[in-house]
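Visitor: Pasted the sequence and its predicted model underneath.
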Amino acid sequence: MHAINPRKLHHSKWTAVQPSNKEKHFLVTKLLRDEDDNVVDVVIEAIHSHREVVVPWQRLKDASVWKMGWQ
């Protein structure tokens, strides 16, 4: 499991362990916060297709799904 500071996720790069639709590399484009200013979700954009997906930021900690950086 990755140690992640949710406030530093903006513009971070991620690689999908099991890419689908040629979407392997992703960039965090937006942090979605709750009323207490805590990061709840992130918007990640696929570099290949520019498709955006909203995921809970804790999901990025799962090493079986995501790798930090572009690999």
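Guide: The structure has been received and is ready for your questions.
Visitor: if I pick K22, what's in contact with it?
Guide: Residues in contact with K22 (CB atoms under 8 Å, 6 or more residues apart in numbering) are 48-49. C-beta: built from backbone N, CA, C; applies to glycine.
Visitor: one more time with 10 Å
Guide: Listed by CB atoms under 10 Å, 6 or more residues apart in numbering, the contact partners of K22 are 46, 48-49.
Visitor: do L27 as well
Guide: L27 is in contact with 10-14, 43-47, 52, 70, counting by CB under 10 Å, 6+ apart.
Visitor: out of the residues you listed, which are buried?
Guide: Buried members of these, counted by 16 or more other CB atoms under 10 Å: 14, 44-46.
Visitor: For these, could you give me CSV that also reports distance to A63?
Guide: Output for the buried ones among the contacts of L27, formatted as CSV (distance: CB to CB, whole Å):
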residue, distance to A63
W14, 11
I44, 16
E45, 21
A46, 20
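Visitor: got CSV for the residues you listed, with secondary structure, distance to N38 and pLDDT too?
Guide: As requested, the buried ones among the contacts of L27 are exported to CSV (DSSP: H, G, I helix; E, B strand; the rest coil; distance: CB to CB, whole Å; pLDDT from 0 to 100):
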residue, secondary structure, distance to N38, pLDDT
W14, strand, 20, 97
I44, strand, 18, 97
E45, strand, 22, 98
A46, strand, 26, 97
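Visitor: any weak-confidence spans in this protein?
Guide: Residue ranges of the chain with pLDDT under 70: 1-2.
Visitor: For the lengthiest strand in the chain, which strands pair with it and how are they oriented?
Guide: In the chain, assigned by DSSP state E, the strand with the most residues is strand 23-33. Next to strand 23-33 in the sheet, as set by DSSP bridges, lie strand 13-20 (antiparallel), strand 39-46 (antiparallel).
Visitor: quick one: contacts for D37?
Guide: By CB under 10 Å, 6+ apart, D37 lies in contact with R7.
Visitor: and it, that one's in a strand?
Guide: No. Using DSSP: H, G, I helix; E, B strand; the rest coil, the assignment for D37 is coil, not a strand.
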